[in-house]
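J.: below are the sequence and a predicted model; questions follow.
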There are 2 protein chains.
Amino acid sequence: MIQRVAVIGLGLLGGSVGLAIREHAPGIHTSGFDRDPDVRARAKDRGLVHAVCDRIEDAVANADLVILCVPVGAMEAAARAMAPALPDHAIISDVGSSKQSVAEALLAALPNHTIIPAHPVAGTEQSGPEAGFASLFTNRWCIITPAKDADQQAVEALSAFWTQLGARVEIMDAEHHDLVLAVTSHIPHLIAFTIVGTASDLEDVTRSEVIKYSAGGFRDFTRIAASDPVMWRDVFLSNKSAVLEMLGRFSEDLTALQRAIRSGDGDTLHDLFSRTRAIRRQVIEEGQDDDRPDFGREDHS
Amino acid sequence: MIQRVAVIGLGLLGGSVGLAIREHAPGIHTSGFDRDPDVRARAKDRGLVHAVCDRIEDAVANADLVILCVPVGAMEAAARAMAPALPDHAIISDVGSSKQSVAEALLAALPNHTIIPAHPVAGTEQSGPEAGFASLFTNRWCIITPAKDADQQAVEALSAFWTQLGARVEIMDAEHHDLVLAVTSHIPHLIAFTIVGTASDLEDVTRSEVIKYSAGGFRDFTRIAASDPVMWRDVFLSNKSAVLEMLGRFSEDLTALQRAIRSGDGDTLHDLFSRTRAIRRQVIEEGQDDDRPDFGREDHS
């Protein structure tokens, strides 16, 4: 049974894990560490975990479960730093957006521990210790990607833990996870970062015009493109092959639409635009988005 | 003075114009027409305008201002249909998303009338007569694109009208409008339509997976990609050169990022991702989006 959880990294995800435990699993004791002393102080102020520790070793010393909530590229160093103090029985997990590279990094750092990588598919554009909230995982999917020879009891304990925090759990192999998330998360972010960059660098349209008229669609991309730069740099570098594969397919499709526009082929455009509407309905039926217009930005009633 | 307004096309935009007049300018009488009898019946039920007419001629017969709220590709036919009944003094305007082509179409249909094209930069992914609401234009920009020799009094009357509905008004030439909107609206929509199409056609990731894990970013694109297919087909066909120009720049930037990912150039990624955050802050400062995380989809407090 998981009775003590250590949260390493006290930003949006780490903070939300701490707060969700406090709300949904009040019997669990939480400790936490962040390498930034300022973040530790703010985490203490908000009470993100019961005990904010100044040393990573102290945070993990009695943990049944350690959840790494640091950027993917920082996982291995954090795992190495905690290694000497880690109880033998502790389960090591994480919340990273790419799973093959994290599994390799954690295995390299902690070859004798039980490593069960996981990825709660949830987040906002905010980051830092003020950004977390207890309901971040409610009704969201948490994908657990155990290795083939993983300890089944540990997988079940981690599944039960995430279910307790309000998430729905799916088990998937890491390679498939990385392909799925390249489509549903990484490419959308890459595209949003790109178009926001493109729009802010034009010479014939000013940045102030781009901002003023952003309600035509652009503003939605600015939200995604406001996500944490370090986290996303690491995601793209760590899930390189799936991202490049999916980017290739996207670019092919975009080229086909470009050709349709150039040749005035309205039927091709209309056919695609009709199909994409149906996907939206399914996203809402699945409970993965708000069905109010504009995400309920304003009260439209 | 504008005392009688005819709204042609009673979908999201036309319905919102009618409801906004009712709320913000209750002294103005509104008539309306839609070529779909079912839409007319539903518009009557919701009271989108004071008088829903079965013939376009009846809707415009006494109008001081006619606002065409039909897809850009349908503007010319609608203008021709109303021509015989149009009062000489009536101002003809519209809400279309591309302005050069609309100006040409309206001028071809109504060579002897006062034509002042306009574009309120506002909308949602919903369409049809149930989708409109009175506050759609509140704090949004309405871009008016008069020809160089336009009647200045008519421009002022139309500006005052949109200001009364809660919008902020900007005067711009049509060519520049089309370039600005290509960046802030048309390309974001094209990209969203494309990625939603790409994601739903993969063989190695199922559509059900795409939908389940859409909270990682994809769901935002599905919202935009749920917009009206006919409207958007017409936008791309009517603003072809600006769209292709901006699409070329976007593709160049995407290729540069692709190369950075392939070569593991984290600094290039981090630099871009840091710059795009600043744009988001400016969009919020400008009052063009909600500063709550996730657009305030849920209560995160």
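T.: Okay, I see it.
J.: state the distance from A:Ser159 to A:Ile2.
T.: 11 Å (C-beta to C-beta, to the nearest Å). C-beta here means a position set from N, CA and C on the backbone, and glycine is covered the same way.
J.: likewise A:Asp289?
T.: Distance from A:Asp289 to A:Ile2, by C-beta to C-beta: 31 Å.
J.: looking at these two, which one has more neighbours?
T.: A:Asp289 (22 against 19; other C-beta atoms under 10 Å in any protein chain shown).
J.: which element is the more buried one on?
T.: Assessed by DSSP states H and E, A:Asp289 sits outside every helix and strand.
J.: domains for chain A, by residue range?
T.: A:4-172, A:176-296 (automatic domain parsing).
J.: take those domains and lay them out in TSV including mean pLDDT and distance to B:Val95.
T.: Formatted as TSV, the domains of chain A follow (pLDDT from 0 to 100; distance: least, C-beta to C-beta, whole Å):
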stretch	mean pLDDT	distance to B:Val95
domain A:4-172	98	30
domain A:176-296	94	12
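J.: between those domains, which gets nearest to chain B?
T.: With C-beta to the nearest C-beta, the closest approach to chain B among the domains of chain A belongs to domain A:176-296: 2.9 Å.
J.: endpoint to endpoint, the closest one covers what distance?
T.: Terminal residues of domain A:176-296 are spaced 33 Å apart (C-alpha to C-alpha, to the nearest Å).
J.: try stretch A:88-98
T.: 26 Å.
J.: quick one: that stretch to chain centroid distance?
T.: Put simply, stretch A:88-98 sits 14 Å off its chain's centre (C-alpha atoms, centre = their mean, to the nearest Å).
J.: repeat for stretch A:45-61
T.: Put simply, stretch A:45-61 sits 22 Å off its chain's centre (C-alpha atoms, centre = their mean).
J.: got the contact list for that stretch?
T.: For stretch A:45-61, contacts defined as C-beta atoms under 8 Å, 6 or more residues apart in numbering or on different chains pick out A:6-8, A:10, A:14-15, A:18-19, A:22, A:29-35, A:37, A:40, A:43-44, A:66, A:78, A:81-82, A:84-87, A:90, A:129-130, A:132.
J.: run the last query once more with 7 Å
T.: Contacts with stretch A:45-61, where a contact means C-beta atoms under 7 Å, 6 or more residues apart in numbering or on different chains, come from A:6-8, A:10, A:15, A:18-19, A:29-33, A:40, A:43-44, A:66, A:78, A:81-82, A:84-86, A:129-130, A:132.
J.: can you tell me which of those are buried?
T.: Among these, those classed as buried by 16 or more other C-beta atoms under 10 Å in any protein chain shown are A:6-8, A:10, A:15, A:18-19, A:29-33, A:40, A:43, A:66, A:78, A:81-82, A:85-86, A:129-130, A:132.
J.: burial measure for the residue lying closest to A:Gly266 once chain neighbours are set aside, as a count.
T.: Closest residue in space to A:Gly266, ignoring its immediate chain neighbours: B:Arg233 at 5.0 Å, by C-beta to C-beta, 6 or more residues apart in numbering or on different chains. A total of 25 residues lie near B:Arg233 under the criterion other C-beta under 10 Å.
J.: and B:Arg233, what element?
T.: Using DSSP H and E, B:Arg233 falls in helix B:229-238.
J.: and the strands in the stretch 1-150 of chain A?
T.: Secondary structure of the stretch 1-150 of chain A, counting by DSSP state E, counting those that start in this stretch: strands at A:4-8, A:29-33, A:51-52, A:65-68, A:91-94, A:114-115, A:118-120, A:141-144.
J.: quick one, the second one and strand A:4-8 angle?
T.: Yep, that's strand A:29-33 we're talking about. Here the directions of strand A:29-33 and strand A:4-8 differ by 20 degrees (axes from the mean of the first three to the mean of the last three C-alpha atoms, to 10 degrees).
J.: got the contact list for strand A:29-33?
T.: A:3-8, A:10, A:14, A:18, A:21, A:43, A:48-53, A:56, A:59, A:63.
J.: ok, that strand: who's next to it in the sheet?
T.: Using DSSP bridges, the strands paired with strand A:29-33 in its sheet are strand A:4-8 (parallel), strand A:51-52 (parallel).
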